[in-house]
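Trainee: Sharing a sequence plus its predicted fold:
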Amino acid sequence: MSETTEVIQFEDFLKVKMRVGKVLEAHDHPNADKLIVLKVDLGNEQRQICAGLRGHYQADALVGRNIVVVTNLAPRMMRGQESNGMLLAASTADHTRVILLSPESDIPPGSPVS
């Protein structure tokens, strides 16, 4: 473990709530070069999420995909659009590659991730 890594307790990790979401709609953010605005089905509700995926994914190619979403973050305004969650993605250190994390096979929207 590197010296810059902050260690958290298991109880801290349990505070993060993650669920599978299905992307219903996606479009480029009108006021940001790197953001895509997603409408995501989380089973019992739908949410808007802004994500820095532009340049790595085409918005229309995201529709229908299952993604992993952190659902208990406070809403955040991103260039005039409210984002209500955060999707999980892996990236290279220089962010030249960004890859969405998603379930290996189909599972209903809203399914918990742990």
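Mentor: Great, that's in hand. Not measured: the values here are computed from a predicted model. Numbering: from 1, shown residues only.
Trainee: report the longest strand in this structure, please.
Mentor: strand 18-28 (DSSP state E).
Trainee: relative to strand 18-28, how tilted is the helix or strand just after that strand?
Mentor: Following strand 18-28 in sequence order, the next helix or strand is strand 36-41 (DSSP states H and E). Angle of strand 36-41 versus strand 18-28, following axes from the mean of the first three to the mean of the last three Cα atoms, to 10 degrees, is 130 degrees.
Trainee: now for strand 36-41, which elements pack on it?
Mentor: strand 18-28, strand 46-51, helix 59-62 (3 or more Cβ pairs under 8 Å, 6 or more residues apart in numbering; DSSP states H and E). Placement of C-beta: from N, CA and C, glycine included.
Trainee: go again using 10 Å as the cut-off
Mentor: Where contact means 3 or more Cβ pairs under 10 Å, 6 or more residues apart in numbering; DSSP states H and E, strand 36-41 is packed against strand 18-28, strand 46-51, helix 59-62, strand 66-70, strand 81-83, strand 86-87.
Trainee: Neighbouring strands of it in the sheet, and parallel or not?
Mentor: Sheet pairing of strand 36-41 (DSSP bridges) gives strand 18-28 (antiparallel), strand 46-51 (antiparallel).
Trainee: mind checking which of the helices and strands packed on strand 36-41 is nearest residue 109?
Mentor: Smallest distance to residue 109 across these (Cβ to Cβ): 4.4 Å, for strand 18-28.
Trainee: mind listing what's buried in that closest one?
Mentor: For strand 18-28, the neighbour count (16 or more other Cβ atoms under 10 Å) marks 18-23, 26, 28 as buried.
Trainee: can you tell which of the helices and strands packed on strand 36-41 is closest to residue 101?
Mentor: strand 66-70 (5.0 Å).
Trainee: what residues are up against the residue positioned nearest the centre of the chain?
Mentor: The C-alpha lying nearest the average C-alpha coordinate of the chain belongs to residue 87 (Cα atoms, centre = their mean; 0.9 Å). By Cβ atoms under 10 Å, 6 or more residues apart in numbering, residue 87 lies in contact with 18, 21, 23, 36, 38, 40, 49-53, 62, 67-70, 100-102.
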